[in-house]
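[1] Would you be able to build a 3D model of this:
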Amino acid sequence: MEEGRCNWPRGKVLGGSSVLNYMLYLRGNKKDYDTWESLGNKGWSYNDVLYYFKKSEDNQNPYLTQTPYHSKGGYLTIAEAPYHTPLVSSFIEAGLEMGYMNRDVNGENQTGFMVAQGTLRRGSRCSTSKAFLRPAKDRKNLHIAMHSHVSKVMIDPRTKIAFGVEFIRNKMLYRIRARKEVILSAGTINSAQLLMLSGIGPAEELTKHRIPVIQNLKVGSNLQDHIGLGGLAFMVNKKVSIVEHRLHTVSTLMEYAVLGEGPLTIMGGVEGLAFVNTKYMNASDDFPDIEFHFISGSTNSDGGEQLRKVHGLSENFYNAVFRPINNMDVWSIIPMLLRPKSKGFIRLRSANPYDYPYIYPNYLTDEADVKTLIEGVKIAVAVSRTKAFQIYGSVLNKNIFPACTNIHRYADAYWECMIRQYTCTIYHPVGTAKMGPYWDPDAVVDNELRVYGVKGLRVIDGSIMPNLVSGNTNAPIIMIGEKGSDMIKEFWLKRRISRYYI
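    Numbers count the residues shown, from 1 in each chain. The predicted model follows:
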């Protein structure tokens with residue numbers, strides 16, 4: 001039943017969900033951030049963080065920049081893909097048929113359908129490196145050390161002051177001292193690993209690996225991630241989807257490389273996004289529990305072999321479900337569980353910084369997650385049955401997942417079987433250095449992202465999220481970076497002013 005647990009990336013990941021994470025621009029729900037503040041994290045309400053979303057934004061859609069929720073002029077370019085298949089119009093029309101509005105899901109309300117926006121500049125990915133690092137690369141106070149592997153943060157065990165970073169480059173060990181602060185932004189997996197390697201983490205775990213305990217904190221706990229059902233594919237009777245043999249022609253490659261246009265500009269094939277309510281949510285609350293990634297293609301292509309390996313699918317599974325529809329016109333939806341109740345944790349494999357840590361995501365351990373995702377799949381199938389999609393004769397892939405052949409099709413047990421056989425991470429891990437007030441026993445950092453019990457050390461990345469946001473984590477983590485940088489500047493400016501008056 002556990003066929004398709006998606007593998008975690010160990011470097012470059014081709015296609016699929018990794019692309020969704022790094023390109024799609026979604027902020028989450030207003031209530032996510034108001035909840036953060038209600039947990040004791042002052043300054044993290046929606047009204048507080050909206051400023052930082054807008055600060056970085058350079059939105060290319062005039063109809064959005066005229067609203068109070070978007071802006072122009074920031075470092076980060078936000079845009080729709082310049083190319084659309086006819087299927088995305090059907091997706092929006094299907095939403096309208098089902099009673100959902102076509103709206104800006106990053107605006108006043110989240111529930112609804114929308115053409116996908118992403119961090120896109122001239123048809124290609126506008127990464128955080130391209131947006132923020134390139135303009136600053138020539139600053140005299142910035143040094144970028146490529147091909148460097150950080151091994152730990154240096155902390156004085158007596159004073160508990162972080163004073164530098166140790167890293168390895170070209171087999172040489174370097175120790176760099178910090179005059180003011182050390183900022184850890186290694187991501188949810190590696191920030192947790194580095195904190196533990198540096199002596200900050202659960203005392204029992206550190207002692208097991210003979211790492212001296214500097215501060216006993218719940219580092220590595222509270223791991224949350226977005227998951228969905230992979231492989232929910234629908235056949236169509238017209239040549240309207242993205243198919244591999246049409247993409248990799250000389251004309252489409254030149255169109256992308258020279259003009260920044262054409263089908264290769266579509267973000268991992270994702271053309272549409274939607275936020276919908278299952279029966280477990282009150283629709284009037286505007287707090288949907290399922291997100292749809294609408295893809296004008298599927299795992300069934302020549303490139304599917306790459307995706308098969310990334311998603312951990314066996315060759316037998318792929319041959320049974322997807323190979324029979326290779327290079328046929330298909331669209332798909334990944335129904336994504338927005339607020340999973342199942343939580344995991346990270347543990348060290350060893351004290352060696354080159355050893356990958358153990359990741360225990362604990363997907364679907366809470367039955368409520370399974371039930372919610374089943375309802376999300378049902379709504380996705382209902383999308384396929386609307387008039388907007390029936391003009392293409394949309395029909396669910398008839399090739400049944402191997403573990404589900406003896407279960408009545410379309411029953412709840414059938415959808416659960418599919419979910420458990422092809423549980424797909426969307427690569428949104430957060431929470432392993434939880435932000436919280438001093439009275440929260442699980443908190444690792446305070447509301448200014450300073451590590452409890454250690455001076456001169458902050459964590460600024462997705463690991464600080466107390467709860468996973470209701471949307472992709474690309475934009476929220478950039479927001480955390482923007483807000484964190486202002487906190488640092490404000491802190492040291494106050495220090496300078498106070499010294500001046502003393």
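[2] C-alpha only now, for contacts and for neighbours.
    Noted.
[3] quick one: average pLDDT of the longest helix anywhere in the chain?
    Secondary structure of the chain per DSSP state H: the longest helix is helix 474-501. The average pLDDT for helix 474-501 rounds to 88.
[4] from the middle of its chain, how far away would it be?
    25 Å (CA atoms, centre = their mean, to the nearest Å).
[5] Tell me the buried residues in that helix?
    Across helix 474-501, burial judged by 16 or more other CA atoms under 10 Å covers 474, 475, 476, 477, 478, 479, 480, 481, 482, 483, 484.
[6] Point out the other helices and strands that that helix packs with.
    Secondary-structure packing of helix 474-501 (3 or more CA pairs under 8 Å, 6 or more residues apart in numbering; DSSP states H and E): helix 16-23, helix 46-56.
[7] how much space between residue 265 and residue 271?
    For residue 265, the distance to residue 271 equals 10 Å [CA to CA, to the nearest Å].
[8] Overlap in contacts, these two.
    Between them, residue 265 and residue 271 share these contacting residues under CA atoms under 8 Å, 6 or more residues apart in numbering: residue 81.
[9] May I have the secondary structure class of the nearest residue to residue 402 once chain neighbours are set aside?
    Residue nearest to residue 402 in three dimensions, not counting chain neighbours: residue 317, with 6.6 Å by CA to CA, 6 or more residues apart in numbering. Secondary structure, DSSP: H, G, I helix; E, B strand; the rest coil: residue 317 is helix.
[10] Then residue 333?
    strand.
[11] who's in contact with it?
    232, 233, 292, 293, 294, 295, 380.
[12] distance of the residue lying closest to the first one once chain neighbours are set aside from residue 389?
    Distance criterion CA to CA, 6+ apart; nearest residue to residue 232, sequence neighbours excluded, is residue 332 at 5.6 Å. Separation of residue 332 from residue 389 (CA to CA): 12 Å.
[13] hey, least reliable of the helices and strands packed on helix 474-501 by pLDDT?
    helix 16-23 (a mean of 52).
[14] low-scoring pLDDT stretches of this structure, where are they?
    1-22, 244-248, 299-308, 310, 498-502 (pLDDT under 70).
[15] And it, what are its domain boundaries?
    16-24+82-129+225-345+364-425, 148-223+431-501 (automatic domain parsing).
[16] Of these, which is nearest residue 41?
    domain 148-223+431-501 (5.1 Å; CA to CA).
[17] returning to that earlier point: please list the members of the contacts of residue 333 that lie in helices.
    Going by DSSP H, the helices hold residue 380 from these.
[18] Go through the contacts of residue 333 and name the one nearest residue 73.
    residue 293 (28.1 Å).
[19] tally of neighbours for the closest one?
    Neighbours of residue 293 under the rule other CA atoms under 10 Å: 22.
[20] ok, it touching residue 267?
    No: look at residue 293 against residue 267 with CA atoms under 8 Å: they stay out of range, at 10.8 Å.
[21] these two touch, right, residue 255 and residue 262?
    Yes: Residue 255 lies in contact with residue 262 (CA under 8 Å); the separation is 5.8 Å.
[22] Give me the contact list for stretch 33-44.
    Residues lying outside stretch 33-44 but in contact with it, judged by CA under 8 Å, 6+ apart, are 45, 46, 49, 435, 436, 437, 446, 447, 466, 467, 469.
[23] Between the two ends of that stretch, how far is it?
    6 Å.
[24] chain center to that stretch, what's the gap?
    With CA atoms, centre = their mean, you get 21 Å for stretch 33-44.
[25] just stretch 148-167 next, same as before
    Counting by CA atoms, centre = their mean, stretch 148-167 comes out at 28 Å from the chain centroid.
[26] That one: which residues count as buried?
    148-155, 160-167.
[27] My guess is residue 70 contacts residue 61. True?
    No: applying CA under 8 Å, one finds residue 70 not in contact with residue 61, separated by 9.5 Å.
[28] sorry, back to before: how much space separates the residue nearest to residue 402 from residue 298?
    Counting by CA to CA, the gap from residue 317 to residue 298 is 15 Å.
[29] Tell me which of these two has more neighbours.
    Between residue 317 and residue 298, residue 298 has the larger neighbour count (other CA under 10 Å), namely 32 against 19.
[30] Relative to residue 102, how far out is the more buried one?
    Taken as CA to CA, the span from residue 298 to residue 102 is 24 Å.
[31] How about residue 34?
    On the measure of CA to CA, residue 34 and residue 102 end up 25 Å apart.
[32] same question, residue 312
    35 Å.
[33] And for residue 403?
    37 Å.
[34] Likewise for residue 463?
    32 Å.
[35] what does residue 409 give?
    31 Å.
[36] Please apply the same query to residue 404.
    35 Å.
[37] In the stretch 101-250 of the chain, mark out all the helices, start to finish.
    128, 134-136, 187-197, 203-208, 244-247, 250-254 (DSSP state H, counting those that start in this stretch).
[38] what's the most buried one of those helices?
    Comparing the helices of the stretch 101-250 of the chain by mean neighbour count (mean count of other CA atoms under 10 Å), helix 187-197 ranks first with a mean of 25.
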